[in-house]
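J.: Pasted the sequence and its predicted model underneath.
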Amino acid sequence: MAKSHKEPNDSDEGFGAAPHERPVPRISIHAFCEFPDTGAALERAAGDRRLTKAHMAIQLGGVQGAVEHFTGQTTPNLLIVETRQQGQAALDEIERLAEVCDPETKVIIIGRVNDVELYRELIRRGVSEYLVAPISPLRVIEVISGLYLAPDAAPIGRVVSFIAARGGAGSSTLAHNAAWSIAEWLKINTTIVDMDLPFGTLSLDFNEEPGQGVADALAAPERLDDVLLDRLLQKAGDHLSLFSAPAALERDYDAEPAAYEAVIDAVRQVTPCVILDLPHLWAPWVRQTLHASDEVVIVAAPDLASLRNAKSLADLLKQNRPNDAAPKLVLNQVGIPKRPEIPLKDFAETVGLQPSLVIPFDPALFGAAANNGQMLTEVQPRSQTAEGVHKLAELLTGRAPQGEIKGVLPFFSFLKGKKRA
C-alpha cells in the first residue's frame, strides 16, 4: 500500500485537497441578508459541491430579521447575518441577536465596512467570523469549512475523476498512465480506484491478478478502516497503489451512491492523490462522484459521438460546479488514417473547452503496453505520447518532477528541430 498521511513522502508535503476543499458536515445554516448581491453569493455557495450535505436557507431581513425569526425558536448550527450598521450600532445589533441565539450556534457577520476594531470586538463577543462585503462564494465556503474543521484534522487527498465521452476513447488507459506518472515521475503517493466493477482493466494494465477490492469495500463501506483498506489495496510501486475491480460477471453490483461516496472518502483519508477510473455509463453514483471530485478529466476522440457527449458532460459540470475550474479535455486517438475527423478547433469551440492534451493515434504503442501490462512510458519512454502523459500529470497536480527520469526527454522536446510553418 502507498504511504498514508501518517507516513508522508517528501513530495506529498503541501499536496492534496486544500483545507476548504473538505466537505462541510451535515449542518443547518440560516442566512439573513440586507443586499441582493450578498444573497446571490450565498445562493451560489449553497449550491457548491462542498456544501452538498449542509442545508442552507437564505432570506432577506438582516440582523433584525434573524432576531424576529428566532425569538422563541431553536437557532441552527450556523447563522449568517448581514448588517448595515457600523461601530457601536453594529455591536448593539449583535447584542440583540445574542439574546436569541443558542450557545452552540456559530455566527458569521457580514458588514460593509472594513473596520479592524469592530472585527476584534465582534470576535471577543463570540462571533465566529466577520466578512466584508461584497463577498465571493468561495470565501464563504472557505470560512464555513474552517469553522467545522478540527485543528488536528489530517489533510485529505485530492480526487481526480477520469471519464470517457464515449466507449473506447481510452479514458481508463490515460487514467492509469497519468496516475503512474504522478507516482513515479512526481513521487506523489497515489491510489487508482477502478470503478468499473464488471469490466475494469486496472489489473490487466498493471499485470496484476484481479482482486475483489472495490467490490468488497462497496459491500460493507462502514467496515472500511485503515487496516481493511491496507489489505484490499495492491502495491504497484513505492508510491502507487491499486484499488482494483473484480472484473467478473458472476455477481450483481448494485451499491448505493452513499457507499461509493464512503469508499472514496476512506481512500482520500490515506492517500494524497486519488485517481478515479469511472466507467462509461450514467448512474446516480457516477453523477454524484463527478460533481464531488476536485478535478474532472473528459477523454474524447475527434468524432461526432464524442463531440456530443463531451459537450453534454462539460455543460453539466459547469452548471453544477460553478465555483470550480472547468473540466479538462483530453483528445485521444487523433489522426487515424482515412478516418474523417472533426477538426480540433471546431471540437474545442463546440465543447467550450480547449484541449489540455492531444494524443496522436499510435496503435503499436498502446497495443504493446496493453498486451504487456506496462505503462506507455515503460514501452517507449522517448515518445511524444509519454511526454504528453507527463504533461497531464503536471497539469493535474501543479507539480514539476524532482530531477530527470532516466530515458525520458524533457517536456515538449519533440518540438525541437521541427520546421516552422
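T.: Yep, that arrived. Numbering: from 1, shown residues only.

J.: When you work out contacts or count neighbours from here on, use the C-alpha atoms and nothing else.
T.: Will do.

J.: Helix, strand or coil: sort out the closest residue to Y253 other than its chain neighbours for me.
T.: Leaving aside its sequence neighbours, Y253 sits nearest to L197 (C-alpha to C-alpha, 6 or more residues apart in numbering; 7.2 Å). Assigned with DSSP: H, G, I helix; E, B strand; the rest coil, L197 falls in the coil class.

J.: quick one, what contacts L197?
T.: Taking C-alpha atoms under 8 Å, 6 or more residues apart in numbering, we find L197 in contact with V214, A215, A245, P246, A247, A248, Y253.

J.: Quick one: buried ones out of those residues?
T.: By neighbour count, with 16 or more other C-alpha atoms under 10 Å, the contacts of L197 hold V214, A215, A245, P246, A247 as buried.

J.: Which of those fall within helices?
T.: Members of those lying in helices (criterion: DSSP state H): V214, A215.

J.: Let me see the domain layout of the chain.
T.: 20-147, 158-401 (automatic domain parsing).

J.: Where does pLDDT dip in the stretch 51-200 of the chain?
T.: Within the stretch 51-200 of the chain, the set of residues satisfying pLDDT under 70 comprises 151-152.

J.: Now do the helices in it.
T.: Counting by DSSP state H, counting those that start in this stretch, one finds helices in the stretch 51-200 of the chain at the ranges 62-70, 87-98, 116-124, 137-147, 171-180.

J.: between these, which gets nearest to E394?
T.: Proximity to E394, assessed across those by C-alpha to C-alpha, is greatest for helix 171-180 (9.2 Å).

J.: Could you list every helix and strand that the closest one packs against?
T.: On a contact count with 3 or more C-alpha pairs under 8 Å, 6 or more residues apart in numbering; DSSP states H and E, helix 171-180 meets strand 158-164, strand 190-194, helix 202-205, strand 273-277, strand 295-300, helix 384-397.

J.: Buried residues in stretch 136-155, which are they?
T.: Quick answer for stretch 136-155 (16+ other C-alpha under 10 Å): 136-138, 140-147, 149, 155.

J.: just stretch 69-83 next, same as before
T.: Neighbour counts over stretch 69-83 (16+ other C-alpha under 10 Å) mark F70, T75, P76, L78, L79, I80, V81, E82, T83 as buried.

J.: same thing with stretch 43-59?
T.: Buried-residue list, stretch 43-59, by 16+ other C-alpha under 10 Å: E43, R44, A45, A46, G47, D48, R49, R50, L51, T52, M56, I58.
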